[in-house]
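In: Below are the sequence and a predicted model for it; my questions follow.
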Amino acid sequence: MKAFKWLLAAVLVLGMAQAQVVLRALMEDVPETHIIQKLLPDFEKKTGIKVEFETVQYGAMHDKLVSQLLAPESSYDFLEVDFLWAGEFPAAGWLEPLEPYVEKSGFDLSPYLPSMLDLVGYYKGKLYMVPMYNYAMGLIYRTDLLEDPQLKAKYRELYGKDLGLPQTLADYVQTSIFMKKYAGVAGAAMQGQRGDPNFMEFSNYVFGNGGDFADGSWHVTLDSPTGEQALDYYVKNIRQAAQKGALNANLDDTYREMCEGRAWSMITYWWMLPQINDSAKCPKVAGKVNLAVMPGSHGVNGGWGWAIPRNSANKEAAWKFIEWVESPEIIKKRALMGHAPTRRDALTDPDVLAKYPYYSAVLKILEGAKKVPIFAYTAEMEDVIGREVSQAAAGQKDVKAAIHDAAKGLYGLFKKAGLVK
Amino acid sequence: MRARVGVLFASPGVLVLAGVVAFPLVYALLLSFSSYTFLKPTLTPFVGLTHYVEAFHDPYFLNAVKLTTLYAFLTVGMSLLVGLSIAVLLFQPAPGKELYYAVISIPMLIAPVGVALIWKMILHPELGIVTYILSRLGMNAPDFFGDPHYALFTLALVDTWQQVSFVALVLLAGLRSLPKEPLEAALVDGASFFQRFRLVTLPLLRPVIGVVLILQTIAELRTYDLVYVLTRGGPGAATDLLAYFIYRKAFLGLDLGGASALAYLLLFLTLGLVIFYYRRVFQES
Amino acid sequence: MGEESVMRKQRVLATWITTGFLVLVTLYFLLPLLWTLRTALLPEGRAYALPPEWGPWTLANFAAVLEGSFGKAFKNSLIVAGSTVLVGLPISAMLGFAMARYKTGGEPLRFSVLATQMLPPIVLALPLFALFRALGLTDTYAGLVLAYLAFTLPFMSWLLMGFFQGLPKELEEAAFVDGATPMVVFTKVVLPLSAPGLFAAGVLGFILAWNEFLFAILLTGRDTQTIPVALASLMTQRGVLFARVAAGVVLSVLPVMFLARVVDRYLVEGLTFGAIK
């Protein structure tokens, strides 16, 4: 009986060795993934490797990934990693360093925008990921309201200068409040719900005002005068110009505000633009909105990166996939299908620009995009700082106290993560 | 011999309970004395009472305790008052009571998540029907979930809408089980409806009210679903109730040790209130 | 003569006032429910249009919701709640019987069983989460059922204990005299007699498991998510898809409403642990 079992096992193992290599990955159920799925047959034809995606909602991904990364052998051969985890995963030692693979196959990293490589590429100087797509934040605004002659006249009367696309944070908040008063719309559709929504939105104010959360050695700079002023502008905007219910609003709520024509602007992920400019989805404002970089030229960067788990059984094959999906030819195909590019070549390709003219704005956004602190406790940071921002916005704390407490909380988290003493 | 039979019958149940209740409870206690985090998932090194002490120095934890206690008093108080009134109404002779009873018993059967969603839609600041009706009446609807002055109260109202259903039915059953003689005697003595209620019914109903008080306090102190769906603890920290606060400490703060300590503190708070009510209601005559 | 008619008038007035208030109260509960139903029956964009619209009616939202993740959640909830009762009820019956007839464990056991209902779920949820992760029980039916037994088992045991205590002992004693073993007495005499109580305990346990949220959101994954988890994610992923959300809520309530009507008599007694009959 025992001999038979060994024989069976041997046959199975041999059989498996002959079998086709199958790569498995956990992917978010969004259009970006669907685009790649359409192109997968091409990969299989070229390499004979089959790729299977398991698609889930974002909320389910982190825990599922972590349990596989902790296992002896991961059931996922390659990963897409959200920038929020791009500190946690390398810090825990779960990702395979990719420089050897890059060198061996001569993979060209130069088209990637530096901000993307910084966000979802390098960690502490080593390469662990290759950027997959980005979702940086910028300003979406109504062009028709800026061109309205009555509003223009009123603005000139009040402020002695022309109504136009704001270039600084101060100008932006001033224009927003103006729109609320005189254009019958909310100046800004703001997602004030405490946590990821308000934290991401507020970070744009910090960067746009020329500030940052911390410097290169993890010293907190959030409560500098620039940071405090950024919170002051944020609070002014949300209290005087935002839509009703802003303090509890999330992304979908703000999308609806813009779509229904009830707001002049929103600071949001740039991929919202095609959603709002869609005449089927948002007939009231389609064709009347445009995209620009966050006033102050620096907004929040966001994105996903490809990575290979250290405990994957098919690392070489996984790298082949990454090489293929990020090859110039496939990148162009993805871009023409609506992929959010991370590379200069995709963003400046004439065919792509013809289809998506606003990509020139996206390029500007990506060039100036900065990242929020990425480390083991990024998720908790969002909650801690989001709480302070929310309290300031609700009038429960004054700006000075709130920014000070936010900075104190951030310092505590850096300390917890062992980044500072 | 008899005792052995009893033990045999009880053992599957006791074993399961030991496994899924007692053991996790003990493990949670151990966790609360440990430095277990999701980044370093080991019990050692033990840190003794550090988490407990830190909790009392954390203004946000104290805020959560204060809010949760206030919330429990609000919801239990409101649902008792309204529930008692409804129970009294249902106790009076009137036609068609089965219909009222059937409708009134529905809300308590809905999952709290469902209740939260229903009211999220109805109280939506722009698209909700309540906002619309108020605006047609010329009034400006408050920002139910986004205004820090209203948010907790709105939560309490939504919760009460559901809990009143349960409280009313329980108090009704209590009313039905009361002996009839004292009430009849009071009638003969010429007491008015309100006098009868205050001097006869209420005192007799005291044990039932006590049970409701205890059960509802336990339930309200552990409120989580509503916060998760409706406000996520905001605006600011206005609805940061304890159960949600603890959940965030574990899954955002990745600190399972600290969160377990807080969970035990919540348990002590619950125990404390239960014992307090029990003594006041059942051991005073 | 006159006094009687005054009293009659008073009674009629009292009835009118009572009815008036009862109607108000019923509306207070009914209107939000009806509103949800209305919203579920309208096409998506119309569902939250203001002024409110009253047609065209459609069942498309129910279909859409069932086809999506919610359909799977429905199945999962049925499996989990059903299994919890299937596994838990026999065990609870035996435990309840032991506590009722054999006084096993005396006061301490009875108190412990009751005390488990006092535990805030979060106290159990955290260690269970850590333990399940280590044992690989997250995102499994078995894991969630085990966790649900933590609060349904004591609940059902306590209920059944009360029920068994109310049964006349004579029939059991007669069976003993006839030479039956305790197990036979239990299965052939006691259980059939307590069928209504068993049924009530099972239904109440089912409802508890059906509506539970905290354990579910921590211990399930995409494959095993139950209805409350699916409902919660409906709102965050689909911001303003009110019609779908409403349809989901309606669907989640229907089975429970039906079941509760069936065990009406025992509802109050069960949910107050027999304190109020």
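Out: Yes, it's here. Residues are numbered from 1 along each chain as shown, chains lettered A, B, ... in the order given.
In: what's the spacing between the most centrally placed residue in chain B and chain C?
Out: Central residue of chain B (C-alpha atoms, centre = their mean): B:E220, 1.6 Å from the mean position. Distance of B:E220 to chain C, given as C-beta to the nearest C-beta, to the nearest Å: 11 Å. C-beta coordinates here come from the backbone N, C-alpha and C atoms, glycine included.
In: what about that residue, helix or strand, and which?
Out: Here B:E220 is covered by helix B:202-221, with elements defined by DSSP states H and E.
In: continuing past that helix, what's the next helix or strand?
Out: Helix B:202-221 is succeeded, C-terminally, by helix B:225-230 (DSSP H and E).
In: Just the C-alphas of whichever helix or strand comes after that following helix, formatted as CSV.
Out: Counting by DSSP H and E, the next helix or strand C-terminal to helix B:225-230 is helix B:242-251. What follows is helix B:242-251, C-alpha atoms only, in CSV (Å, rounded to 0.1, in the frame of the first residue of the first chain):
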residue,chain,number,x,y,z
LEU,B,242,-15.4,52.5,22.3
ALA,B,243,-16.1,49.4,20.3
TYR,B,244,-15.1,51.2,17.1
PHE,B,245,-12.1,52.9,18.8
ILE,B,246,-10.9,49.5,19.9
TYR,B,247,-11.3,48.0,16.4
ARG,B,248,-9.3,50.8,14.9
LYS,B,249,-6.5,50.4,17.4
ALA,B,250,-6.2,46.8,16.3
PHE,B,251,-6.5,47.1,12.6
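In: tell me the mean pLDDT for the helix or strand following helix B:242-251?
Out: Sequence-wise, the next helix or strand downstream of helix B:242-251 (DSSP H and E) is helix B:256-282. Average pLDDT, helix B:256-282: 89.
In: and if you look at stretch B:163-183?
Out: pLDDT averaged over stretch B:163-183 gives 87.
In: Would you list the phi and psi of whatever residue of chain A ends up closest to chain B?
Out: Across chain A, the shortest distance to chain B (C-beta to the nearest C-beta) belongs to A:G245, at 3.1 Å. Note on A:G245: its backbone torsions stand at phi 80, psi 10 [degrees, to the nearest 10].
In: in the helix holding B:E220, what's buried?
Out: Neighbour-count burial for helix B:202-221, counted by 16 or more other C-beta atoms under 10 Å in any protein chain shown, picks out B:205-206, B:208-221.
In: okay, how far is it across stretch A:250-270, tip to tip?
Out: In stretch A:250-270, first residue to last residue: 16 Å (C-alpha to C-alpha, to the nearest Å).
In: meant to ask about stretch B:242-259
Out: Stretch B:242-259 has an end-to-end distance of 11 Å (criterion: C-alpha to C-alpha).
In: how about the nearest residue to the residue nearest the centre of chain A, chain neighbours excluded?
Out: By C-alpha atoms, centre = their mean, the mean C-alpha position of chain A lies nearest to A:G302, the distance being 2.2 Å. Leaving aside its sequence neighbours, A:G302 sits nearest to A:Y135 (C-beta to C-beta, 6 or more residues apart in numbering or on different chains; 4.4 Å).
In: how close does the one you found get to A:S75?
Out: Distance, A:Y135 to A:S75, using C-beta to C-beta, to the nearest Å: 27 Å.
In: what sits against the residue of chain A closest to chain B?
Out: Shown in contact with A:G245 (C-beta atoms under 8 Å, 6 or more residues apart in numbering or on different chains): A:D253, B:H124, B:P125, B:E126, B:D143, B:F145, B:G146.
In: Quickly note the distance from it to A:V285.
Out: To A:V285, A:G245 is 20 Å away according to C-beta to C-beta.
In: re earlier: neighbour-wise, which of A:Y135 and A:S75 wins?
Out: For the pair A:Y135 and A:S75, the greater number of neighbours falls to A:Y135 (20 against 16), based on other C-beta atoms under 10 Å in any protein chain shown.
In: give me the number of residues near the closest residue to A:Y234 other than its chain neighbours?
Out: Leaving out its chain neighbours, the residue that sits closest to A:Y234 by C-beta to C-beta, 6+ apart is A:Y205, at 4.7 Å. Look at A:Y205: counted by other C-beta under 10 Å, it has 28 neighbours.
In: And for A:D345?
Out: The number of residues packed near A:D345 is 16, by other C-beta under 10 Å.
In: Verify the stated contact: the residue nearest to A:Y234 with A:L231.
Out: Yes: taking C-beta atoms under 8 Å as the definition, A:Y205 is a contact partner of A:L231 at 7.3 Å.
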